[in-house]
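Trainee: take a look and give me a structure for this.
(chains A and B)
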2 protein chains.
Amino acid sequence: MGSFEFRLEHTDPSGARLGRMRTAHGDVDTPVFAPVGTQATVKAITPALLAEAGVRMVLSNTYHLYLRPGHELIRDLGGLHRFMGWSGPILTDSGGYQVFSLGELRKITEEGVRFRSHLDGSQHLITPERATAVQEALGADIIMAFDDCTPYPATEDYTRQSMLLTLRWAQRCLKAQGNADQALFGIVQGGMYPDLRRESAQRLVEMDFKGYAIGGLSVGETREMMFEMADAAIGFLPEEKPRYMMGVGTPVDILDAVRLGIDMFDCVMPTRNGRNGTLFTRRGKLSIKRSEFASDPRPPDEECSCYTCRNFSRAYLRHLFQACEILSSVLNTFHNLHFYMQLMEGIRKSIAENRFMEYYSDFVNSYNGE
Amino acid sequence: MGSFEFRLEHTDPSGARLGRMRTAHGDVDTPVFAPVGTQATVKAITPALLAEAGVRMVLSNTYHLYLRPGHELIRDLGGLHRFMGWSGPILTDSGGYQVFSLGELRKITEEGVRFRSHLDGSQHLITPERATAVQEALGADIIMAFDDCTPYPATEDYTRQSMLLTLRWAQRCLKAQGNADQALFGIVQGGMYPDLRRESAQRLVEMDFKGYAIGGLSVGETREMMFEMADAAIGFLPEEKPRYMMGVGTPVDILDAVRLGIDMFDCVMPTRNGRNGTLFTRRGKLSIKRSEFASDPRPPDEECSCYTCRNFSRAYLRHLFQACEILSSVLNTFHNLHFYMQLMEGIRKSIAENRFMEYYSDFVNSYNGE
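Mentor: Just a heads-up that it's a prediction; the model follows:
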């Protein structure tokens, strides 16, 4: 009956949760952050370096892999784990958010979403059944129900219809699922309406998914609204199932979400920032391209023990960035992933010791920024 | 005086030589191939991966580092080794070939070469004294005399004047050298005229450099001419000094040059080809972008034990290339460097066992291409 299990190990006085997920590709301690490997690679980083950075789980995007190189090809080559050389747990999204992001290029009906490929303009139809089948071909450990991401702003009536559509699609995904070894998660929608968030959560829980994601956030709302919406749903999610806040976020976002009881995160933030020359440090973000670093012999983060910080100066990393060298992306991304992994490890340790809020305060006090 | 030493260990019946260089940054067995790290990085590869590929020595380009980030900056940060995080031996060129390649942007006089930067058009003058001082600031283990690279084709008279200028500049470099720990090599010129090559070699040898390079090749001449010119010089170079064929080359070029008694090589071939999706294998070059590899589950080279070949399929590497992923450059370059290092190791082993020509034939028989 499926190899996925989640065990809630401990809850800190703040509400922050420590847990452990068991998957066919190994265990994962939560709260966990999964770097994004959109096209079956975490950009610029080998699987060996991912492991060295402390990464335990990665996310890959169904929409992108469906279009290129194709999910059937990946299935025929032994699945996504073998294809990308990553033996740890993998999570795939459903493609719902990705087709939502296509804007003008997509059309939503009861059946599913018709869209044009961003690569070649070819026409496609993704339905809940198809999204589930594609994710089954990819073979991730955790897969997501196909959802309709509500735009922001939207009227309450529109949001309710969209949320109900996501519920009907969620039911179709459950029915379509062919491989019980994959943990299918439902996605809470409901836009910026707390009552709709609650209703979405309650009705998804009735369907009994392996875990629950909070979707439809980071679509233009304020930070306060985002957390209000997450909070509105979480109270109706079962204690014993993992909770996943999709596409989040900054270090401080993650701390705030953990405080609400969230267990899982993914975001392009460490990788995209790395490629853009922005490094996360315990004191805040550092833009390596700034001229003040041209002759700075210090590592990016003097408190960091990663390969990048142990071996290279800000001056060198600035030079690599200015010279458009590929190694710039490699070293910066590696540092940022290591930073995020250290953050998650610090979070888990502090929860285990019932001092999450102390960790939270210490971090926020020294960290300049979000 | 100085920490550089070269010891000729053994000469194979073919004339191929096995040697060992001692530098302040460790020993290097020869024949050796140095990957090119133009801007203080072997493109796409961390120093840790260089070491894992078996790389012992890297080349960096004085011209590029002089312009960006500046040799004085690198000196103030502790020198090139520390700057780029490479603790093994480093070789720098003199910038002579690089300014030669600027074409219209440079003007040669007795004093040196005036040129405009390819980055911002700013005006510069590089003299033999300046080239030596810049290389001293960078702090490489092996540095090169500033030479005038003769274009091809050129008349015998022009070539002779150019060769004589290189000799006068070589003398000025010797005189300008301030750090005896750096091994200064002279560069044989003489275009495509064997007598001029001989004269250049003989007169450089009289000046007593730590080693000798064959320069001014791969400028448009045929492969046969290239080896004829190298051969014309080698006979006049001392047995006990290292011989370096600059900018060479393909695997078969290297084999042919080793047979002539060359000890050192550098070339962008493994790195540039890797970024362009071309992989070296024991059967020849393989263009990973070809559609026939779209679903090929085999590694790039089934006889290879490198990280790339142990973990990834041709199908995956093709996907990475098609998707313009940075990891494509990382994995392909790593494989190609590993291939070149295996080639050099095979060469050295076969010389030690007096069977270099057997190794040569085996390689050439199975390798389809140059």
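Trainee: the nearest residue in space to residue A:52 that is not next to it in sequence: neighbour count?
Mentor: Leaving aside its sequence neighbours, residue A:52 sits nearest to residue A:307 (C-beta to C-beta, 6 or more residues apart in numbering or on different chains; 7.1 Å). For the C-beta atoms, the positions are set from N, CA and C on the backbone; glycine is no exception. Look at residue A:307: counted by other C-beta atoms under 10 Å in any protein chain shown, it has 20 neighbours.
Trainee: so residue A:307 makes contact with residue B:48?
Mentor: Yes - using C-beta atoms under 8 Å, residue A:307 is in contact with residue B:48, at 6.8 Å.
Trainee: grab the most central residue of chain A for me.
Mentor: Of all residues in chain A, the one closest to the mean position by C-alpha atoms, centre = their mean is residue A:266, 1.7 Å from it.
Trainee: tell me the bridge partners for it.
Mentor: Beta-bridge partners for residue A:266, by DSSP bridges, are residue A:34.
Trainee: who touches it in this structure?
Mentor: A:33, A:34, A:35, A:36, A:59, A:91, A:246, A:247, A:248 (C-beta atoms under 8 Å, 6 or more residues apart in numbering or on different chains).
Trainee: same thing with residue A:234?
Mentor: Residue A:234 touches A:201, A:214, A:243, A:260, A:261, A:262, counting by C-beta under 8 Å, 6+ apart.
Trainee: how near is it to chain B?
Mentor: Applying C-beta to the nearest C-beta, to the nearest Å, the value for residue A:234 to chain B is 36 Å.
Trainee: ok, back up a step: residues touching the residue nearest to residue A:52, list them.
Mentor: By C-beta under 8 Å, 6+ apart, the contact list for residue A:307 reads A:52, A:331, A:334, A:338, B:46, B:48.
Trainee: same thing with residue A:128?
Mentor: Under the criterion of C-beta under 8 Å, 6+ apart, the neighbours of residue A:128 are A:112, A:145, A:146, A:169, A:170, A:172, A:173, A:176.
Trainee: and with 7 Å instead?
Mentor: A:112, A:146, A:169, A:172, A:173, A:176 (C-beta atoms under 7 Å, 6 or more residues apart in numbering or on different chains).
Trainee: contact residues of the stretch 51-200 of chain A facing chain B?
Mentor: When proximity is defined by C-beta under 7 Å from any C-beta of the partner chain, the stretch 51-200 of chain A lies next to chain B at A:68, A:69, A:73, A:76, A:77, A:83, A:84, A:85.
Trainee: now go through the residues you listed and say which are in helices.
Mentor: In this view, these that belong to helices under DSSP state H are A:73, A:76, A:83, A:84.
Trainee: pull the most distant pair out of these.
Mentor: A:76 and A:84 (14.8 Å; C-beta to C-beta).
Trainee: more crowded one of the two?
Mentor: residue A:84 (25 against 14).
Trainee: what's the distance between that one and residue B:149?
Mentor: To residue B:149, residue A:84 is 45 Å away according to C-beta to C-beta, to the nearest Å.
Trainee: please apply the same query to residue A:96.
Mentor: From residue A:96 to residue B:149 the distance is 60 Å (C-beta to C-beta).
Trainee: okay, these two: which has more neighbours?
Mentor: The residue with more neighbours, out of residue A:96 and residue B:149, is residue A:96; 28 against 22, by other C-beta under 10 Å.
Trainee: ok, and the helix or strand in chain A with the lowest average confidence?
Mentor: None of the helices or strands of chain A scores lower by mean pLDDT, DSSP states H and E than helix A:96-100, at a mean of 89.
Trainee: just the buried residues of that one, please?
Mentor: Of all the residues in helix A:96-100, those buried under the rule 16 or more other C-beta atoms under 10 Å in any protein chain shown are A:96, A:97, A:98, A:99, A:100.
Trainee: how about the strands in the stretch 151-300 of chain A?
Mentor: Using DSSP state E, counting those that start in this stretch, the strands of the stretch 151-300 of chain A run over residues A:183-188, A:211-214, A:243-245, A:264-267, A:278-281, A:284-287.
Trainee: do I have it right that residue A:63 meets residue A:98?
Mentor: Yes - the pair residue A:63 / residue A:98 is scored as a contact, 3.5 Å apart, by C-beta atoms under 7 Å.
Trainee: list the contacts of residue A:246.
Mentor: Counting by C-beta under 7 Å, 6+ apart, residue A:246 touches A:213, A:214, A:215, A:266.
Trainee: try 8 Å
Mentor: A:93, A:97, A:187, A:213, A:214, A:215, A:217, A:266.
Trainee: contact partners for the first one?
Mentor: The contact partners of residue A:93, by C-beta under 8 Å, 6+ apart, come to A:59, A:61, A:62, A:63, A:144, A:246.
Trainee: so in chain A, which helix runs the longest?
Mentor: What stands out as the longest helix in chain A, according to DSSP H, is helix A:326-352.
Trainee: how far off centre is it?
Mentor: Put simply, helix A:326-352 sits 14 Å off its chain's centre (C-alpha atoms, centre = their mean, to the nearest Å).
Trainee: what about that helix, near chain B?
Mentor: Yes - using C-beta under 8 Å from any C-beta of the partner chain, helix A:326-352 reaches chain B at A:326, A:327, A:329, A:330, A:331.
Trainee: can you list the buried residues in that helix?
Mentor: Applying 16+ other C-beta under 10 Å to helix A:326-352 flags A:326-344, A:346-348, A:350-351 as buried.
Trainee: and the next helix or strand past it?
Mentor: helix A:356-366 (DSSP states H and E).
Trainee: doesn't residue A:114 belong to a strand?
Mentor: Yes - assigned with DSSP: H, G, I helix; E, B strand; the rest coil, residue A:114 falls within a strand.
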